[in-house]
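Undergrad: Predicted model, plus sequence, below.
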Amino acid sequence: MRKVRLAAAVAAVVSNSVASFSATGAEATEAGQVVESRFHEEITIVGSQDEVRNATGSAHFIGAEELQQFAYSDIQRIARQVPGVSIQVEDGYGLRPNISIRGVATERSGRITLLEDNVLIAPAPYSAPSAYYFPTVGRMHAFEVVKGPAAITQGPYTIGGALNMVSTPIPQDLGGDLLFEAGEDTTYRMHATYGGELNNGFGFLLETHQWQSDGFQDIDRSGSDTGLDIKDYTVKLSYAPEGSPHSVKLKLQYADQDSNQSYLGLTDADFNDDAFRRYGLSALDNIETEHEQVILRYQFQISDALSLSATAYNNEHERDWFKTEGVDLDGSANAGDFDRTSWASIINAINSGDSVDGFSPAQLQGILDGTQDTVAGSIQLRSNAREYYSRGIQLGLNWEGQLGGATHSLEVGVRVHEDEEDRLQRNSTYSQRGGALVLDDLGELGNAGNRVQEAEALAVHIYDRIEFGDWVFTPGLRYEDIEQKRTRYNDGAARTFRDSRENDTSVWLPGLGVLYNVNDEVVLLGGVHKGFTAPSNSPGVEEEEAINYELGVRYQSANLSTEVVAFLSDYDNLLGECTSSSGSDCEIGEAFNGDAATVKGIEVLASANLMSGDTFAVPLTFTYTYIDGEFDTDIADTDFFGDVNEGDPIPYIPENQFQLTVGIEQVRWAAYLNANYVDEVCVRASCEAFEETDDSLTVDLSGNYQLTEQLNLFARVENLTGEEDILGRQPYGARPNKDRTASVGVRFSF
C-alpha cells in the first residue's frame, strides 16, 4: 500500500457559537442553566439549534442547557432524544454503545461516522470502526447529529449520518465549574473545569472527569463487582491575539478505564427469575483501556470572505478485554486448538430445551449455575488485547460571497488519514470446580489472534450552500479512496508471517439538498444522496452502498417548533461483519454480503412551551421514529444474518419508538420527566423463538434548585418504575436495562 503523506484534510465546517437546544422563559431558565456566552466557539457541524432551521438536510443539536436537565453520563440516554436514532443496549452505562441512524447496523456504532470536535474518534475508523472506545460523555458540552445530504461532508459512513461530540470549550472569562454526583451502587462522578482567555490572546482550559461505580448486577459466588472506574483529563491551549487573522489551538486528552464488563448474558428463565444476575463463569471478565488524543488546529482568516483551516490529529488506543468465550463440552480442549461451543449456543439450547454434544439442558444449566464441574481445560477465556492508532491531517477552505445573483457558502475539504488495529491475543483455558474457575493452561501469546489490520484513505469533498430568494440548494460531492490490508502471523510473540490480503475501494458520492422557505413559519426540505460504508479487507466483499432520499417540513412559531421528515434508503448491498460482540458463530473479521435491502421511515420532532410567564415555563419535547427495514432477497443460511427470506426484518431496528420530555421551570427550581418507549426487535433476520427483545417503557425523573447564583443542587432517578426488560440478546444471552437508580449532586461555578 502506498504510504499516506499527512498533508491535507477535511473541510472546516460551519463554526458557530454553541447555543441552547430549546428556548423557554428567560427568567425560568436561570435554574441550573449554563451561561453559553462564557465560551468561545468550537469546531462544529450544525453549531446551534437556530442553525437547524436553515439546514437543507435533517440535523439535530443538543446543547448544554438541555444536557443539564438530566445530567446524563450515558450516551444511550442522550442519543435516543434524536429522531431516527436507534440504540441496542448492551450495558447500562453506554461505555461501548451500539448506535444506529436511520436503520444502519447498530453493532458498536460501526456504521455511523463518530467524531469528537469534528475529528474521527473511533479507534480505527476505516480498518476497525467498532467503537471499543467511546469518549467520556459526561465531559461533553454539546452533541450534533447530521443526516441526509449534509452527511457527505462527514464520511466515510454516510448512509445513516454522523454523530459529533463537542468537548468543553475554553471560556471567554477566567473561571471554573465543579460538578459532584453520588448515587446508588456506590456510584460517584466528578467533573471539574478551570480556564479562560487572557488579555494577550492566550487561552487555556484544565478539565477532569472522574466516574466510578460498583455496578447494578451481582455475580454468582463472587466478591467482584460489575462496575467501572474511569479517569479522564483534558488540557486545551489557544492563542488568538486580538485583531490577528491567525489562531492556534492545541488539545491534549487522556482517559483510562477499568470496568468489569462481560459478554455473557442470561437464559430467559434465569432472566425472569433475576434480571440483574450474572453467572459466576464471568467473574474474571474485565476490560482495561487507555486512550490518548492530540489535536492541533490552525485557522487563518485570509479575508472577510475566505478562510483556511488545518487540523492535525493523532489518536492512540489500547485495550485488553479478558472475558469468557465458551466451553469445550467433549473434553478435548487445549489452549492452542480449542473447539469450543459458544455461550450463545448453550444459552439458546437451554432456552429451546435442546441438547448439545450429548449434554442435556439440565447439565448445560448446571455449568452456568456452577453446580456441574467441567473437565480440565474445558472453559476458554481470552485476553482480547489490541492496540489502535488513527491519525491524519485535514484541510478546509471556506468561501462566502455573491456569484450569479446568489449567495454562496462554499467549503472544500481534504483529509489524508491512516489507521491500524494490532491484535496479539491469548486464549487461556480453565475448568470449573466447585463453582470456581481454576486456571489449567495460560496458553501461548498470539493463539487467539495475531494480526494487523491497516487502512490508508484519501477523502475529498466539496459542498456549496446556494441561497437564491426563498430557495436554498446544497449540492455536494465526496470522493473516498481506501486501501486496506490484513496481515496474519503464526502463533507466538515472534510474529512470523502467515498470510495477507488486501482490498482497495474508490467511490464518488454525490448529493443534493433543497430547502424552500414558504413563509416565516414554514420550511420545506428534501434531498437525495449516495451513501457509503467502507468495506472490510475480506476478499469478494462489496462495499455497502445505498441511494438515500428524504422529504420533510418544518414549522416554527413563538411557542411551537415541529419537524416531520420521511426518508428512504435503497441498499444495493447490506454489509454484515463478524465481531465478538455480534455473538455469531463466525470467524472474527469476516464480512458477509446481505444483498439488497430497503429501509424507510418517518421522523417527528416537536418542541413547545405549553405555558410561559415572567417566572415560569412548561417546556415539552416529543420525538417519534417509525422505521421499516427489511431484506429484499432470499439469502441461504449464514453465520451472521441467519436464514434470510425476502421481507425479513433487519436486526435490532425497532419499528416504533418515541420519547416525551416535559418540564416545569421556575425562577429558582426546575423539574423534568422523561418517558422513552422502544418496540421489541428481532436480533436476527430469522426472528425465531428467543430471537426477540422486549418492548420497553423507561421513565426518568430529575430536578434542580438554584440555591445561590453560583450553587445549584440536583437529583435524578433513572428507570423510575423499575422496569426489567430484555433489551438485547447479544453477544451471549438476554441482557437487562439498568435497574432503578437514584442520585443527587451539586454544581458550583466560580
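TA: Received it, and whenever you're ready, just let me know what you need.
Undergrad: Next one: residue 740 from residue 216, what distance?
TA: Applying Cβ to Cβ, to the nearest Å, the value for residue 740 to residue 216 is 9 Å. Where you see a C-beta, it was placed from the backbone N, CA and C, and this is true even at glycine.
Undergrad: typo on my end, residue 434
TA: Computed as Cβ to Cβ, the residue 434 to residue 216 distance reads 27 Å.
Undergrad: who has more neighbours, those two?
TA: Using other Cβ atoms under 10 Å, the more surrounded residue of residue 434 and residue 216 is residue 216, with 23 against 9.
Undergrad: Find the residue closest to the more buried one in space, skipping its chain neighbours.
TA: In space, and not counting its chain neighbours, residue 216 is closest to residue 739: 4.6 Å by Cβ to Cβ, 6 or more residues apart in numbering.
Undergrad: right, and that neighbour touches residue 721 too?
TA: No - the criterion here is Cβ atoms under 8 Å, and residue 739 misses it with residue 721 at 11.2 Å.
Undergrad: With neighbour numbers in mind, choose between these two.
TA: Between residue 739 and residue 721, counted using other Cβ under 10 Å, the more crowded position is residue 739 (17 against 10).
Undergrad: what pLDDT does the more buried one get?
TA: Predicted confidence (pLDDT) for residue 739: 95.
Undergrad: Would you mind listing the residues in contact with it?
TA: 92, 216, 276, 719, 722, 724 (Cβ atoms under 8 Å, 6 or more residues apart in numbering).
Undergrad: Separate out the buried members of those.
TA: Neighbour-count burial within those applies to 92, 216, 276, 719, 724; the criterion is 16 or more other Cβ atoms under 10 Å.
Undergrad: got the phi/psi numbers for the second one?
TA: When read as degrees, to the nearest 10, the backbone of residue 216 gives phi -110, psi 10.
Undergrad: For residue 271, which non-adjacent residue is closest in space?
TA: residue 734 (4.3 Å).
Undergrad: whoops, I mixed them up, residue 234
TA: In space, residue 234 is closest to residue 207, 4.2 Å off (Cβ to Cβ, 6+ apart).
Undergrad: In three-state terms, label the spatially closest residue to residue 663 that is not a sequence neighbour for me.
TA: Excluding its sequence neighbours, the residue lying closest to residue 663 (Cβ to Cβ, 6+ apart) is residue 672, at 4.1 Å. Following DSSP: H, G, I helix; E, B strand; the rest coil, residue 672 is assigned to strand.
Undergrad: Let me see the contact set for residue 672.
TA: When contacts are counted by Cβ under 8 Å, 6+ apart, residue 672 touches 69-70, 661-664, 701-703.
Undergrad: in the sheet, who's paired with it?
TA: Per DSSP bridges, the residues bridged to residue 672 are residue 663, residue 702.
Undergrad: cool, and residue 626?
TA: Bridge pairing for residue 626 - DSSP bridges - gives residue 602, residue 656.
Undergrad: In this model residue 567 seems to touch it, though I could be wrong.
TA: No - in this structure, residue 626 is not within contact of residue 567 by Cβ under 8 Å, at 10.3 Å.
Undergrad: Tell me which stretches of the stretch 551-700 of the chain form strands.
TA: Ranges of strands in the stretch 551-700 of the chain, per DSSP state E, counting those that start in this stretch, are 560-573, 575-577, 591-593, 597-612, 616-631, 635-638, 642-644, 656-666, 669-678, 696-706.
Undergrad: Could you say which of those is packed most deeply?
TA: Here the criterion is mean neighbour count by mean count of other Cβ atoms under 10 Å, and of the strands of the stretch 551-700 of the chain the winner is strand 575-577, at a mean of 25.
Undergrad: I'd like to know the average pLDDT value across that strand.
TA: On average, the pLDDT along strand 575-577 is 65.
Undergrad: Likewise for stretch 478-486?
TA: On average, the pLDDT along stretch 478-486 is 95.
Undergrad: buried sites along that stretch?
TA: 478-480, 482-486.
Undergrad: gap between it and the chain center?
TA: With Cα atoms, centre = their mean, to the nearest Å as the basis, stretch 478-486 stands 22 Å off its chain's centre.
Undergrad: now swap in stretch 701-720 and tell me
TA: 27 Å.
Undergrad: ok, and residue 498, which helix or strand is that part of?
TA: Using DSSP states H and E, residue 498 sits in strand 497-517.
Undergrad: Just the C-alpha atoms of that strand, please, in PDB.
TA: Provided in PDB are the C-alpha atoms of strand 497-517 (Å, rounded to 0.1, in the frame of the first residue of the first chain):
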ATOM      1  CA  PHE A 497       4.400 -14.300   8.500                       C
ATOM      2  CA  ARG A 498       1.400 -16.400   7.800                       C
ATOM      3  CA  ASP A 499      -0.700 -14.700   5.100                       C
ATOM      4  CA  SER A 500      -2.100 -11.400   3.900                       C
ATOM      5  CA  ARG A 501      -5.000 -10.000   1.900                       C
ATOM      6  CA  GLU A 502      -5.900  -6.600   0.500                       C
ATOM      7  CA  ASN A 503      -9.000  -4.700  -0.600                       C
ATOM      8  CA  ASP A 504      -9.000  -1.400  -2.400                       C
ATOM      9  CA  THR A 505     -12.000   0.800  -2.900                       C
ATOM     10  CA  SER A 506     -12.700   4.100  -4.700                       C
ATOM     11  CA  VAL A 507     -16.100   5.700  -4.800                       C
ATOM     12  CA  TRP A 508     -17.800   9.000  -5.800                       C
ATOM     13  CA  LEU A 509     -20.700  10.100  -3.600                       C
ATOM     14  CA  PRO A 510     -22.900  12.900  -5.000                       C
ATOM     15  CA  GLY A 511     -25.700  14.600  -3.100                       C
ATOM     16  CA  LEU A 512     -28.200  17.500  -3.300                       C
ATOM     17  CA  GLY A 513     -30.300  19.100  -0.700                       C
ATOM     18  CA  VAL A 514     -33.100  21.600  -1.300                       C
ATOM     19  CA  LEU A 515     -34.900  24.000   1.100                       C
ATOM     20  CA  TYR A 516     -37.800  26.300   0.300                       C
ATOM     21  CA  ASN A 517     -39.000  29.000   2.700                       C
END
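Undergrad: That one packs against which elements?
TA: When contacts are defined as 3 or more Cβ pairs under 8 Å, 6 or more residues apart in numbering; DSSP states H and E, strand 497-517 packs onto strand 471-489, strand 522-533.
Undergrad: mind listing what the longest strand along the chain pairs with, with the direction of each?
TA: Counting residues, the longest strand found in the chain (DSSP state E) is strand 379-403. Next to strand 379-403 in the sheet, as set by DSSP bridges, lie strand 306-327 (antiparallel), strand 406-424 (antiparallel), strand 426-433 (antiparallel).
Undergrad: Sketch out the low-pLDDT regions of the stretch 501-650 of the chain for me.
TA: 540, 575-595, 636-642 (pLDDT under 70).
Undergrad: right, I mislabeled it, should have said the stretch 1-150 of the chain
TA: 1-48.
Undergrad: Can you show me the strands along it?
TA: Using DSSP E, counting those that start in this stretch, strands in the stretch 1-150 of the chain cover 59-62, 85-87, 99-101, 113-116, 119-120, 140-146.
Undergrad: Export those strands to JSON lines and append columns for mean neighbour count and distance to residue 600.
TA: What follows is the strands of the stretch 1-150 of the chain, written out as JSON lines (neighbours: other Cβ atoms under 10 Å; distance: least, Cβ to Cβ, whole Å):
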{"stretch": "strand 59-62", "mean neighbour count": "25", "distance to residue 600": "20"}
{"stretch": "strand 85-87", "mean neighbour count": "25", "distance to residue 600": "14"}
{"stretch": "strand 99-101", "mean neighbour count": "27", "distance to residue 600": "14"}
{"stretch": "strand 113-116", "mean neighbour count": "24", "distance to residue 600": "22"}
{"stretch": "strand 119-120", "mean neighbour count": "27", "distance to residue 600": "29"}
{"stretch": "strand 140-146", "mean neighbour count": "25", "distance to residue 600": "19"}
